[in-house]
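*Asks:* next come a sequence and a model predicted from it.
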Amino acid sequence: LPAKDAAPAKSTAAEEPEKPVLPDSPAPAFLASLPATESDWPGYQGPRGNSTTPEVGFLTDWPADGPPVAWREQVGVGLSSFAVVGERVIATGNDGQDHDTVFCLRLKTGEILWQHQMDVRTKCHEMPIVPYGPASTPAVVEGRLYQISREGHLHCLNLDSGALIWKKHLIDDLGGKRPVYGYASSPAVIAGRLYLDVGGAGKSTACLDAATGDILWQTGDGEAGYATPFVTSYAGSETLVLFKGEALELRDPATGSLIAAHATTTRDFCNCATPVVSAGGLFISHTGDSGARVFDLKDKTLTERWSDRKLGLLFHSGIPVGPNHLLAFNDAVRGANDLRLMDLANGSLLWQNKDIARGTGLITDDGHAFLLTNLGELILAKPSAEGLDIIAQVQALPAKAWCQPVLSHRHLLLKNNNGDVICYNLTLRQKD
C-alpha cells in the first residue's frame, strides 16, 4: 500500500509566514425531525457526490441479526459500488473468465432485468493486494448509463434496455495511460459533459459529449489518479476539480484551461480520495508524507490553510457531518483502527474511535450514518461533536468489503470485493 511520496513534489502553493490560530466551527447538528423523503443514488458517492443523501424516514429499529433482507445476488469480483435510479439498480463485476458484466436489477426483488457483457481480461496486471474486476462506479444520467472497466473500456448504455449507445477506450481512443492499479475513477457526467481522468501526455484530462461520446477537449499531462472529478462553485466560479496522480488541479469545465494546481503524489500515484469542498476550502488527502491539507484559492493560487501529516485517506473520501466537519477512516495508521471526526475549518480533532475497523459509509440529512467496514460489518450510528452513538451493528457480508454502501428508496445495498450483494428493506412498517 502507498506509504510515502515517491519523490519531493514541487508545490505551486505560495509560501506563507506562520499561520494564525484558526477558530473552531460550531458543533455539527442535525434537525431532530425532517419529512420523509426518498432519493435516487445515480452514481459515485450519491445524489450530491459527497456521500450524503436527503433520504429520511427508514427503519432504524433492527433486530439483532439485522433488518429484513429483500434479496441477495452474486455479480462478480470488483470494487465498484452501485447506481440506483427509480426501480433500477446497476451493479458490475468480473466473472473470472475475461468478462466484466453490467447488471440491471429490480430494486425491490433483485430480479435481473438485463445484462451487458464487456470483454475485459480478468488478470491483466494482476496484483495480490488489489482484487481484479471493475473499480469504477457506474453513473446514470438522463436515461444513459456510463461504465469504465479497470482496463479503460468506456461504454454508454441505454438504461431501459442495456443496448450500447456508444463506446470509447481511454487508452486506444483517448491516448490515456493506464494507472498502476487500473482505472478506478468514476465517470463524472455534469451538464451534458463527461469528464474523465485518463492520464498520459498532452491529453491527461478529457471532456466528452455525454450523449455522443465526441471529444470536446483534452488537455494536460501526468499520471491519472483514482479519485473522481467533479464540478463545484468554488471561489466564485464553476470549477472542475481533479485529484490526479501527481497533482490537485482546478480547471475551467468549459475549456479545460488550468486555473490552479498543487503538485502532490505518493507511491504508485495513489491519490484516491475525492477532494471535499467544506468550510470555504478544499480538502485533499493521501497516505504519503504530506498527508491531509486544506487549501484556499486566492488570485489563482492554492494557499495551504492547514495540514496534518499523520492523516491519510485511501479507500474512502470521508463523510461530511454538517457544513464544516468530516467523519473519516484514517488509513495512514497501520495495524490499528482510527475513525475520527475533524473540523475542516482548522484541522482540529473532535474525537477518535479505535474500535471500528476501517471502511466506507454514507450519511443522511437527519444524521444517520451507515458504515460498512472492510470486515463486512454494517453499523448504523449517529455522529455528534461528543462521539459516535451506535444504534445497531450486524455482520452483513464476508470480508473483505471496500465498496461503498448505498441507501436509496428505503433499500440499503451492500457489496463485498468478491461480488456478494445483499439488499436490506428499510421500509417502515405500517402501524396497525
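*Replies:* Perfect, thanks for sending it. From a predicted model like this one, the values you see are computed outputs, not experimental measurements.
*Asks:* hey, where'd the strands end up in the stretch 151-300 of the chain?
*Replies:* Ranges of strands in the stretch 151-300 of the chain, per DSSP state E, counting those that start in this stretch, are 153-158, 164-169, 188-190, 193-197, 205-209, 215-219, 230-234, 237-243, 247-251, 258-263, 276-278, 281-285, 292-298.
*Asks:* relative to Gly66, which of those is closest?
*Replies:* Gly66 sits nearest to strand 276-278 of all these, at 30.0 Å, using C-beta to C-beta. Glycine gets a C-beta too; all of them are placed from N, C-alpha and C.
*Asks:* what's the closest one packed up against?
*Replies:* strand 281-285, strand 325-329 (3 or more C-beta pairs under 8 Å, 6 or more residues apart in numbering; DSSP states H and E).
*Asks:* make a markdown table out of the ones you listed and add mean pLDDT and distance to Arg309.
*Replies:* Below are these laid out as a markdown table (pLDDT from 0 to 100; distance: least, C-beta to C-beta, whole Å):
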| stretch | mean pLDDT | distance to Arg309 |
| --- | --- | --- |
| strand 281-285 | 91 | 10 |
| strand 325-329 | 96 | 15 |
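*Asks:* can you redo these as a markdown table with distance to Trp402 and mean neighbour count?
*Replies:* Converted to a markdown table, the helices and strands packed on strand 276-278 look like this (distance: least, C-beta to C-beta, whole Å; neighbours: other C-beta atoms under 10 Å):
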| stretch | distance to Trp402 | mean neighbour count |
| --- | --- | --- |
| strand 281-285 | 17 | 26 |
| strand 325-329 | 11 | 25 |
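*Asks:* need those strands in a markdown table with distance to Ser233, can you?
*Replies:* Listed next are the helices and strands packed on strand 276-278 as a markdown table, based on distance: least, C-beta to C-beta, whole Å:
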| stretch | distance to Ser233 |
| --- | --- |
| strand 281-285 | 12 |
| strand 325-329 | 19 |
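*Asks:* one step back: of the strands of the stretch 151-300 of the chain, which is nearest Cys423?
*Replies:* So among those, strand 153-158 is nearest, using C-beta to C-beta, at 21.7 Å.
*Asks:* excluding its own residues, what touches the closest one? List them.
*Replies:* By C-beta atoms under 8 Å, 6 or more residues apart in numbering, the surrounding residues in contact with strand 153-158 are 100, 102, 116, 118, 120, 143-148, 163-170, 187, 196, 210, 213.
*Asks:* what subset of the residues you listed is buried?
*Replies:* Among those, those buried by neighbour count (16 or more other C-beta atoms under 10 Å) are 100, 102, 116, 118, 120, 144-148, 165-166, 168, 170, 187, 196, 210, 213.
*Asks:* quick one: closest of the strands of the stretch 151-300 of the chain to Thr137.
*Replies:* Between those, strand 188-190 lies closest to Thr137; by C-beta to C-beta that is 10.8 Å.
*Asks:* pairing partners for the closest one, with directions?
*Replies:* The pairing partners recorded for strand 188-190 under DSSP bridges are strand 193-197 (antiparallel).
*Asks:* from the chain's centroid, how far away is the partner strand?
*Replies:* What separates the centre of strand 193-197 from the centre of its chain is 15 Å, taken as C-alpha atoms, centre = their mean, to the nearest Å.
*Asks:* and the angle for that strand with strand 237-243?
*Replies:* Using axes from the mean of the first three to the mean of the last three C-alpha atoms, to 10 degrees, the direction of strand 193-197 lies 30 degrees away from that of strand 237-243.
*Asks:* can you offset everything so residue one is 48?
*Replies:* Shifting the count to begin at 48 puts that one at strand 240-244.
*Asks:* with just CA atoms, put strand 240-244 into CSV.
*Replies:* Extracted as CSV, the C-alpha positions of strand 240-244 are listed here (Å, rounded to 0.1, in the frame of the first residue of the first chain):
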residue,chain,number,x,y,z
ARG,A,240,-20.5,16.6,-20.4
LEU,A,241,-18.5,13.6,-19.3
TYR,A,242,-15.2,14.4,-17.5
LEU,A,243,-12.5,11.7,-17.4
ASP,A,244,-9.1,11.4,-15.8
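*Asks:* which parts of it are buried?
*Replies:* Arg240, Leu241, Tyr242, Leu243, Asp244.
*Asks:* residues contacting it, please?
*Replies:* Residues outside strand 240-244 that contact it (C-beta under 8 Å, 6+ apart) are 193, 195, 201, 217, 221, 232, 234-236, 251-257, 260, 263, 271-272, 274, 276, 278, 287, 289, 291, 300.
*Asks:* averaged pLDDT, that strand. What do you get?
*Replies:* Taken as a whole, strand 240-244 carries a mean pLDDT of 98.
*Asks:* just stretch 96-110 next, same as before
*Replies:* Here the average pLDDT along stretch 96-110 is 96.
*Asks:* for it, which positions count as buried?
*Replies:* Applying a neighbour-count criterion of 16+ other C-beta under 10 Å, one finds Gly96, Asn97, Ser98, Thr99, Thr100, Glu102, Val103, Gly104, Phe105, Leu106, Trp109 buried in stretch 96-110.
*Asks:* specify the beta-bridge partners of the fifth one.
*Replies:* Beta-bridge partners recorded for Thr100 (DSSP bridges): Thr411.
*Asks:* now for it: which residues touch it?
*Replies:* By C-beta under 8 Å, 6+ apart, the residues touching Thr100 are Ser86, Trp88, Gly93, Pro94, Leu409, Ile410, Thr411, Asp412, Leu454, Ser455.
*Asks:* try 6 Å this time
*Replies:* Ser86, Gly93, Pro94, Thr411, Leu454 (C-beta atoms under 6 Å, 6 or more residues apart in numbering).
*Asks:* skipping its backbone neighbours, what lies nearest the first one in space?
*Replies:* Spelled out, that is Ser86. Leaving aside its sequence neighbours, Ser86 sits nearest to Glu102 (C-beta to C-beta, 6 or more residues apart in numbering; 4.6 Å).
*Asks:* what separation do you get for that neighbour and Leu397?
*Replies:* Per C-beta to C-beta, to the nearest Å, Glu102 is found 25 Å from Leu397.
*Asks:* rewinding a little: in TSV: the buried residues of stretch 96-110, plus secondary structure and distance to Glu296.
*Replies:* Formatted as TSV, these follow (DSSP: H, G, I helix; E, B strand; the rest coil; distance: C-beta to C-beta, whole Å):
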residue	secondary structure	distance to Glu296
Gly96	coil	17
Asn97	coil	19
Ser98	coil	22
Thr99	strand	24
Thr100	strand	28
Glu102	coil	32
Val103	strand	36
Gly104	coil	40
Phe105	coil	38
Leu106	coil	42
Trp109	coil	43
